[in-house]
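[1] here is a sequence with its predicted model. Questions after.
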Amino acid sequence: MSPFPGLVPDESVDGVAHLIQTALTPVFMLSGIGTLLNMFNTRLARVSDHIESVRDKLENADDKKGSESTAVLLRRLTHLHYRTLLLDAAILFGGVGGASACGSAFALFLGSVRDSAIAWWLVLMFGNALVCTVIALAMFLGDSIVAWHGLRVTTFLPHKQEMLENQVD
């Protein structure tokens with residue numbers, strides 16, 4: 001006789017171990033999503049600091065330097081704006097993915113306690129968590145590409161042709 005009759009559908013040791021293993025999957029996923037969200041937020045804070053720096057430079061830009069430096073700063077500000085949009089989307093999808101991972105863990109728990117058929121809800125919630133996490137990572141990749149492109153365009157990094165010319169000399 002089990003101390004918790006009816007709590008788990010299969011009260012054998014293997015059945016309980018399987019339930020625990022299954023319940024931990026969404027929890028580990030949630031932990032990973034939380035780490036990603038922390039990274040996305042840190043990166044967004046850095047982009048925000050760069051935006052403030054560029055805006056300060058634009059306000060202090062001297063007209064004698066010409067409009068070329070102002071144009072470079074405006075291009076940099078545009079790239080930073082794109083990055084904030086991509087990181088905002090990554091955070092949004094990461095949050096939805098985390099909520100779905102929590103929902104799948106809850107659906108699994110509720111299904112084991114009530115001995116009800118929750119397979120549809122479990123697949124829906126966990127599948128949504130996976131899809132949202134993939135989209136969040138795609139947005140992060142987009143931010144990385146925009147950041148790299150922004151460095152190349154604003155000539156913070158040497159272009160390939162310049163590097164080749166310097167190697168010849």
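    Alright, I've got the coordinates.
[2] state the pLDDT value of residue 12.
    Each residue has a pLDDT score; the one for residue 12 is 68.
[3] please apply the same query to residue 65.
    According to the per-residue confidence, residue 65 scores 55 in pLDDT.
[4] distance of residue 54 relative to residue 82?
    Distance, residue 54 to residue 82, by C-beta to C-beta, to the nearest Å: 13 Å. In short, each C-beta sits where N, CA and C put it, glycine included.
[5] just give the nearest non-adjacent residue to residue 32, would you?
    With sequence-adjacent residues excluded and distances taken as C-beta to C-beta, 6 or more residues apart in numbering, residue 32 is closest to residue 133, at 7.9 Å.
[6] give the contact list for the one you found.
    29, 32-33, 36, 93-94, 97 (C-beta atoms under 8 Å, 6 or more residues apart in numbering).
[7] only whichever of the residues you listed are buried, select them in ChimeraX.
    Burial among these is assessed by 16 or more other C-beta atoms under 10 Å; the matching ChimeraX selection reads:
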select :29,33,36,93,94,97
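[8] narrow the contacts of residue 133 to those in helices?
    Among the contacts of residue 133, the members falling in helices (DSSP state H) are 29, 32-33, 36, 93-94, 97.
[9] now these in CSV, with pLDDT and distance to residue 87?
    Output for the ones in helices among the contacts of residue 133, formatted as CSV (pLDDT from 0 to 100; distance: C-beta to C-beta, whole Å):
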residue, pLDDT, distance to residue 87
29, 88, 21
32, 92, 18
33, 93, 15
36, 94, 11
93, 95, 11
94, 94, 10
97, 92, 15
